[in-house]
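1. Here is my input; please provide its structure:
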Amino acid sequence: MVGSKVDYDINDLYIPKDGKGDIDYQKSFNVYLTIIVRDKEGNVIKRYKQKSHSPTSNFIGIMMPATYNNNWTYITTSNSTFSYGISLSCPCFGIIYPNNGRQYNVYIVNILVGSGSQSNRYNAYNLKSPISNGTGTGQLLYGSLNTPTNININGNQAYFIVSQTYTNQSGGTVNISELGIVINLYANGVGGSVYYSGQVLVWYDVLSSPISVGSGQQVVIYYTFSVNA
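-> Purely as a prediction, here's the structure:
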């Protein structure tokens, strides 16, 4: 409950009436976004949950790179581009990743938060107004990203959760209205001699209502990816 320091099972959080119909509509693949805000004493002061609908073009390109011998163009968060294509013969392109030798030993960089919004979420390559990591005006301190070590099984459901904590030490209120998942993409070109790398936005969401984080408060953001049999 609100005001408690007890941790929650984020799959069982109260869902507001205006979002319940959307949450109850089940498909074989679902993504949920959960946000918990705590005050300076660690008490829960706000809980929020909505269904996520927004894989970006970059995500689709990774899952389905394109038809045979065609390229897919990726746009990094710095607005640079590179193309990647699949082939049934060598030499060919490849996503060689994770890659410890080039310091890309993890997929996900962070859950990036921002204060803007974009209507065309599919084509988003960065947040409209990213919130910087820090303690200055309008900034949040980004905590370490928590990534799963295994996939959880619960009956006919398989799921994993990615989460990150942010602390407001800016001295003022910071509003979060957009967020997205950024990954490192590391790929080699034809013959393996050319390398392309960059940070790529693969998932983007605009909140139905902004989340206000007061000075000294902390917010935790959870992305739950689930598949139902």
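
2. Now for residue 142, how many residues are close by?
-> 18 (other C-beta atoms under 10 Å). Yep, even glycine has a C-beta here, placed from its N, CA and C like the rest.

3. How about the backbone phi and psi for the residue nearest to the spatial centre of the chain?
-> Centroid-nearest residue in the chain, with C-alpha atoms, centre = their mean: residue 181, separated by 2.4 Å. The phi/psi pair for residue 181 (degrees, to the nearest 10) reads phi -100, psi 130.

4. how would you label residue 47: helix, strand or coil?
-> Here residue 47 is strand, with the state taken from DSSP: H, G, I helix; E, B strand; the rest coil.

5. Kindly apply the preceding question to residue 126 instead.
-> Assignment for residue 126 (three-state DSSP): coil.

6. Name the nearest residue to the residue nearest to the centre of the chain, ignoring sequence neighbours.
-> Nearest-residue entry for residue 181: residue 203, 4.1 Å, with adjacent residues in sequence omitted and distances by C-beta to C-beta, 6 or more residues apart in numbering.

7. so what secondary structure elements neighbour the one helix or strand that neighbour maps to?
-> Applying DSSP states H and E as the criterion places residue 203 in strand 195-213. In terms of contacts (3 or more C-beta pairs under 8 Å, 6 or more residues apart in numbering; DSSP states H and E), strand 195-213 is packed against strand 29-38, strand 44-51, helix 57-63, strand 71-75, strand 81-85, strand 174-188, strand 218-228.

8. Parallel or antiparallel, list what pairs with the first one.
-> For strand 29-38, the paired strands and their directions (DSSP bridges) are strand 44-51 (antiparallel), strand 218-228 (antiparallel).

9. Tabulate the ones you listed (a markdown table), appending mean pLDDT.
-> As requested, these are arranged in a markdown table below (pLDDT from 0 to 100):
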| stretch | mean pLDDT |
| --- | --- |
| strand 44-51 | 94 |
| strand 218-228 | 94 |
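
10. residues touching residue 73, list them.
-> Residues near residue 73 by C-beta atoms under 8 Å, 6 or more residues apart in numbering: 61, 81, 82, 83.

11. Repeat that for residue 33.
-> Residue 33 neighbours (C-beta under 8 Å, 6+ apart): 49, 50, 51, 52, 179, 205, 207, 221, 222, 223, 224.

12. In the protein, where is pLDDT below threshold?
-> 1-27, 64-70, 85-106, 188-196 (pLDDT under 70).

13. so which of the helices and strands packed on strand 195-213 gets nearest residue 129?
-> The closest of the helices and strands packed on strand 195-213 to residue 129 is strand 174-188. By C-beta to C-beta, the value is 7.5 Å.

14. circling back: which one of the helices and strands packed on strand 195-213 is the most hemmed in?
-> Of these, the one with the most neighbours on average (mean count of other C-beta atoms under 10 Å) is strand 174-188, at a mean of 21.

15. contacts for stretch 145-165?
-> So stretch 145-165 is in contact with 10-11, 106-111, 142-144, 181, 218-229, going by C-beta under 8 Å, 6+ apart.

16. List the buried residues of it.
-> 145, 159, 161, 162, 163, 164, 165 (16 or more other C-beta atoms under 10 Å).
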